[in-house]
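# Structure for this input, please:
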Amino acid sequence: MMMKIKKVPTVVSNYQNDEADEGRRVGGCGRNCLNKCCLPGAKLPLYAFKKRENSPGDEKKQEAPVAFLDSLVLGEWDDRMKKGLFRYDVTACETKMIPGQFGFIAQLNEGRHLKKRPTEFRVDKVLQPFDGSKFNFSKVGQEEVLFQFEASEDGEVQFHPNAPIDIATSPSVVAINVSPIEYGHVLLIPRILESLPQRIDRESFLLALHMAAEAGSPYFRLGYNSLGAFATINHLHFQAYYLALTFPIEKAPTNKITSLDVGVKISELVNYPVRGLVFEGGNTLEDLSNSVSDACICLQENNIAYNVLISDFGNRIFLLPQCYAEKQALGEVRAELLDTQVNPAVWEISGHMVLKRKKDYDEASDENAWKLLAEVSLSEERFKEVNALIIGAIAYGGDPDVKPRPHERSH
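Okay, here's the model as predicted:
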């Protein structure tokens, strides 16, 4: 028997459009947006986190003045839900566990397919310049922002319910995803005023790990989709949501490949439909973050599309190079898979299958999920080539041509 996951009902609609509701237009450009025209004098809640020296598992979590996940993320998300800022009611979407070995999770989400913003850029280039004429997050209304998320200046966790926005330093913000996949689905947008394209850098990735650590729940994960791997907006952002189930990818066995001098262990997934790497450990959170972000930068510079899942409080990170969009463009994906209209991005690859047709939801099975995800994966030969690029880049400061020392060779 399939398990149903019940959610609290709510009322939702749609605001995150380029054409904002006229009644909300005040000052600046009239939209109350997140750009320099409307931000002067504006105030938003600010959560200032303590920078972690150790990995989250080694450091006792500090008692915060406000519960980051329950009060800030989920509490504020519920508030925006009541205000009708979403495009559809995700809490009404049916969800079930698919019987079988892997524990895939299926959701029927017809609204996301019909109302999600279309992709506005090429899918064959992982790195593309920011284009301010296209939709970007500076155009959303301030009411969609839950809070600013920044490192504390005095080393202590702080919360300010009404903090001025410092335009000079370009705040990082957490906003609702108006086309949500799951309860509490939000976006982390680093340094929003810098107009950064969708590409990983060290500073932004570390910010995402801090968010995972602050949430303090194994059921709150962050995800990243590169261009060419089903990111739909070319403005740097991470996604995150809360789901009280273990993702299949988190249960997949792994084989260790190597350990880095900074204490980071790199493994590869075994017996999973998508080939990928798992990064764990590190002497510090920053060591782990730099290792993964350097790997992402390597993929970007080699025009290899990829997805990232940040799991286990930021202690465990899955890096998943993929080729589905490339195969799709070349006409190499089977018609039966194309007919599902599923774009396998980070959440689908992790095992949370967001299905757009009732037929696919009713017929969801281990076999069908595996078939779709297997099309995402690089071939074994190509995956080995990509691994060699990555290991070289992260171990030798971005130079993939240097040979590994004996103790760092693959096991």
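# Just checking: what are the partner strands of the helix or strand hosting residue 149?
Using DSSP states H and E, residue 149 maps to strand 145-151. Applying DSSP bridges, strand 145-151 is found paired with strand 43-49 (parallel), strand 173-176 (antiparallel).
# quick one: the residue nearest to residue 231 when sequence neighbours are not counted from residue 47, how far?
Leaving out its chain neighbours, the residue that sits closest to residue 231 by C-beta to C-beta, 6 or more residues apart in numbering is residue 225, at 4.0 Å. The C-beta positions use only the backbone N, C-alpha and C, and glycine is treated the same way. Applying C-beta to C-beta, to the nearest Å, the value for residue 225 to residue 47 is 25 Å.
# on that earlier part again, go through the strand holding residue 149 and flag the buried ones.
145, 146, 147, 148, 149, 150 (16 or more other C-beta atoms under 10 Å).
# Report how many residues lie close to residue 261.
11 (other C-beta atoms under 10 Å).
# can you pull the contacts of it?
residue 395 (C-beta atoms under 8 Å, 6 or more residues apart in numbering).
# hmm, back to that, pick the most buried one from the strands paired with strand 145-151.
Mean neighbour count (mean count of other C-beta atoms under 10 Å) peaks for strand 173-176 among the strands paired with strand 145-151, with a mean of 25.
# pLDDT score assigned to residue 379?
Per-residue pLDDT puts residue 379 at 96.
# Check residue 40 too.
On the pLDDT scale, residue 40 gets 86.
# Quick check: the residue nearest to residue 231 vs residue 177, distance?
Using C-beta to C-beta, residue 225 is found at 12 Å from residue 177.
# Same question for residue 265.
Applying C-beta to C-beta to residue 265 and residue 177 gives a distance of 32 Å.
# Rank the helices and strands of this structure by mean pLDDT and give me the bottom one.
helix 110-115 (a mean of 64; mean pLDDT, DSSP states H and E).
# how about the helices in this protein?
With helices called from DSSP state H, the chain shows them at 75-82, 110-115, 202-215, 248-251, 285-301, 324-329, 335-338, 346-350, 358-362, 366-374, 380-395.
# Just send these back as CSV, with mean neighbour count and distance to residue 103 too.
CSV is the format used below for the helices of the chain (neighbours: other C-beta atoms under 10 Å; distance: least, C-beta to C-beta, whole Å):
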stretch, mean neighbour count, distance to residue 103
helix 75-82, 17, 26
helix 110-115, 15, 22
helix 202-215, 22, 22
helix 248-251, 19, 5
helix 285-301, 22, 25
helix 324-329, 18, 22
helix 335-338, 12, 21
helix 346-350, 26, 11
helix 358-362, 14, 17
helix 366-374, 18, 9
helix 380-395, 18, 24
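# do you know which of those lies nearest residue 318?
Residue 318 lies closest to helix 248-251 among the helices of the chain, at 5.9 Å (C-beta to C-beta).
# So, low pLDDT: which residues of this structure?
Regions of the chain meeting the criterion pLDDT under 70 cover residues 1-27, 54-62, 111-121, 396-411.
# Distance-wise, check the closest residue to residue 203 other than its chain neighbours relative to residue 150.
Spatially, and ignoring its direct neighbours in sequence, residue 203 is nearest to residue 190 (7.3 Å; C-beta to C-beta, 6+ apart). To residue 150, residue 190 is 10 Å away according to C-beta to C-beta.
# Could you tell me which residues touch both of the two?
By C-beta under 8 Å, 6+ apart, the residues touching both residue 190 and residue 150 are residue 172.
# Bridged to the residue nearest the centre of the chain, which residues?
The chain has residue 223 as the residue nearest its centroid, 2.0 Å off, counting by C-alpha atoms, centre = their mean. Note on residue 223: beta-bridge partners by DSSP bridges are residue 239, residue 309.
# Give me the distance between it and residue 44.
The value you get for residue 223 to residue 44, if C-beta to C-beta is used, is 24 Å.
# Repeat that for residue 159.
12 Å.
# List the contacts of the closest residue to residue 207 other than its chain neighbours.
Spatial nearest neighbour of residue 207, chain neighbours left out: residue 190 (5.4 Å); criterion: C-beta to C-beta, 6+ apart. Shown in contact with residue 190 (C-beta under 8 Å, 6+ apart): 172, 196, 203, 204, 207, 208, 236, 237, 238.
# try it again with 7 Å
172, 196, 204, 207, 236 (C-beta atoms under 7 Å, 6 or more residues apart in numbering).
# just to revisit the earlier point, now the helices of the chain in JSON lines, with distance to residue 68?
Putting those into JSON lines (distance: least, C-beta to C-beta, whole Å) gives the following:
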{"stretch": "helix 75-82", "distance to residue 68": "10"}
{"stretch": "helix 110-115", "distance to residue 68": "26"}
{"stretch": "helix 202-215", "distance to residue 68": "5"}
{"stretch": "helix 248-251", "distance to residue 68": "21"}
{"stretch": "helix 285-301", "distance to residue 68": "16"}
{"stretch": "helix 324-329", "distance to residue 68": "34"}
{"stretch": "helix 335-338", "distance to residue 68": "39"}
{"stretch": "helix 346-350", "distance to residue 68": "22"}
{"stretch": "helix 358-362", "distance to residue 68": "33"}
{"stretch": "helix 366-374", "distance to residue 68": "32"}
{"stretch": "helix 380-395", "distance to residue 68": "30"}
